[in-house]
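Sequence and computational prediction follow.
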Amino acid sequence: MEAYDVARLGLNVLFRSIWRMRVEGAERVPLEGPLIIACNHVSYFDPPVLGCAAPRRVAYMAKAELFSIPLLGPAIALVRAFPVERGKGDVAAIRTAVKVIERGGCVGIFPEGGRVKKGEDRPAQAGVALLAYLSHARVIPAAILGTNRASRLAKIRVRFGEPMTFRAAGSKATREELAAFSSEVLVRIKALREG
């Protein structure tokens, strides 16, 4: 049993008992093969909640600063997180994500590029579309509700949507196609949040 599985087991008990976490649509998540899960992000709880809700192991890009924090850095590395320099077009992080996916793994990504505060409206970053294009992986949109009120022990809900596939019209994806796909992923996530 990997550290990931031990952490997931313990956190699942916490999330399901204290925050009464419920999951909808987990059957839509393929148990094997290349996959990207794209989710909203409002709280530090979101990565572990999504990792517990998904029926398979999920690797994450996490902001590089977290890896320099004692205890936290090694802990998140043990559960398959890898660093990304946000706002810099981190090619190394993209390559790492593509390798994980091409080996049949699953990468979790937050298309808005980080945590979004209540009432804030951020456009989708192109990262989710770029990963889908480079890896030929399907994308599952997901929505997490309630983690922004976790300190008040609000119920947590996770909803998984239908798989999406990125297809370029020509031999190479255009910037416009990547932007349109990323925006559509965000639209699906918002629909899951409101549904």
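Yep, that arrived.

quick one: contacts for Ala93?
Residues near Ala93 by C-beta atoms under 8 Å, 6 or more residues apart in numbering: 61, 82-85. (Glycine included, C-beta is placed from N, CA and C.)

swap the cut-off to 6 Å and go again
61, 84 (C-beta atoms under 6 Å, 6 or more residues apart in numbering).

That one and Pro74, how far apart?
18 Å (C-beta to C-beta, to the nearest Å).

right, and the helix or strand after whichever strand or helix holds Gly108?
Secondary structure from DSSP states H and E places Gly108 in strand 106-109. Downstream of strand 106-109, the next assigned helix or strand under DSSP H and E is helix 127-135.

Could I get the average pLDDT for that following helix?
Across helix 127-135, pLDDT averages out at 93.

Buried residues of that helix, list them for me.
For helix 127-135, the neighbour count (16 or more other C-beta atoms under 10 Å) marks 127-135 as buried.

can you list contacts of stretch 188-195?
40, 141, 143, 159, 161.

Now for the second one, how many residues are close by?
By the measure other C-beta atoms under 10 Å, the count of residues near Pro141 is 28.

Skip ahead from the lengthiest strand in the chain and say which helix or strand is next.
Ordering each strand of the chain by length in residues (DSSP state E) puts strand 138-145 first. Sequence-wise, the next helix or strand downstream of strand 138-145 (DSSP H and E) is strand 157-160.

residue ranges with poor pLDDT in the chain?
Flagging of the chain using pLDDT under 70 yields the residue ranges 87-89, 118-120.
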